[in-house]
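In: Sharing a model that was predicted from the sequence below.
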Amino acid sequence: MKAVTVKPNLRNQQRVDVVSDIVIEKPDGCQINCKISNMSRTGVMIYCNQEAAGQLIPRLRAPTPGNWIDVKARFSVPVVATQPVSILAKGHIVHLRRMARDEFQLGIKFADFEGNGFDYIDRYVRKLLADTLKPA
C-alpha cells in the first residue's frame, strides 16, 4: 500500500482580488517591480513578465518545499480611504505558474512583518471580504 503524501494547504485563508503595485526585494538588494493579483492574510499572489520572474526565480523552476526563495515585499494598503499605509513584509516565494508566454504568477507566503503590517493587511482583507458579501 502506498503512503499518502500530505501536502500543506496553501489556501487556508480567503483571498481577495487586488490590483496594486508591489516591489519585491531579493537578498542581494535587487528590487523588481510587479503587480499584486490577489492577497490573503498569509500571502500575496503577484504577476510579472518573464524577465522579472527570471530575476526572482533562477531558471524559472518552481521552488520546492523547504527550498523557498527569501524575499522582502513592499506595498501599500488603504487602511482608510484617504490614507494608504506602507507594508514591509519578509516572505518566501513558494509558488510559480506560467500564465501566458510572457506572464507569470508567483506566490509569496508572508513570514514576518515590520511594525503593524499584519494588522493592516488583516483589516484590509476583512473589509474587502465584507464588501463582497453585501447585497447589491
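Out: That came through, no problem.

In: Point to the residue nearest the middle of the chain.
Out: Most central residue of the chain, judged by C-alpha distance to the mean C-alpha position with C-alpha atoms, centre = their mean, is V44 at 1.9 Å.

In: Would you agree it falls within a strand?
Out: Yes: assignment of V44 by DSSP: H, G, I helix; E, B strand; the rest coil places it within a strand.

In: can you point me to the longest helix in this structure?
Out: Using DSSP state H to define each element, the chain has its longest helix at helix 117-133.

In: separation between the residue nearest to the centre of the chain and A52?
Out: Using C-beta to C-beta, to the nearest Å, V44 is found at 15 Å from A52. For the C-beta atoms, the positions are set from N, CA and C on the backbone; glycine is no exception.

In: Could you check the pLDDT of G66?
Out: Note on G66: pLDDT of 83.

In: Okay, buried residues for the longest helix of the chain please.
Out: Under the neighbour-count criterion of 16 or more other C-beta atoms under 10 Å, helix 117-133 has G117, F118, Y120, I121, R123, Y124, V125, L128 buried.

In: Now render those as a markdown table, adding distance to P84 and pLDDT.
Out: Converted to a markdown table, the buried residues of helix 117-133 look like this (distance: C-beta to C-beta, whole Å; pLDDT from 0 to 100):
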| residue | distance to P84 | pLDDT |
| --- | --- | --- |
| G117 | 13 | 94 |
| F118 | 16 | 94 |
| Y120 | 9 | 93 |
| I121 | 12 | 94 |
| R123 | 12 | 91 |
| Y124 | 10 | 92 |
| V125 | 15 | 93 |
| L128 | 14 | 89 |
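
In: circling back: run through the neighbouring helices and strands of the longest helix of the chain.
Out: Contacting helix 117-133 under the criterion 3 or more C-beta pairs under 8 Å, 6 or more residues apart in numbering; DSSP states H and E are the following elements: strand 16-25, strand 31-39, strand 69-80, strand 83-100, strand 103-113.

In: Save these as JSON lines, and put in distance to L60 too.
Out: Output for those, formatted as JSON lines (distance: least, C-beta to C-beta, whole Å):
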{"stretch": "strand 16-25", "distance to L60": "15"}
{"stretch": "strand 31-39", "distance to L60": "14"}
{"stretch": "strand 69-80", "distance to L60": "12"}
{"stretch": "strand 83-100", "distance to L60": "7"}
{"stretch": "strand 103-113", "distance to L60": "8"}
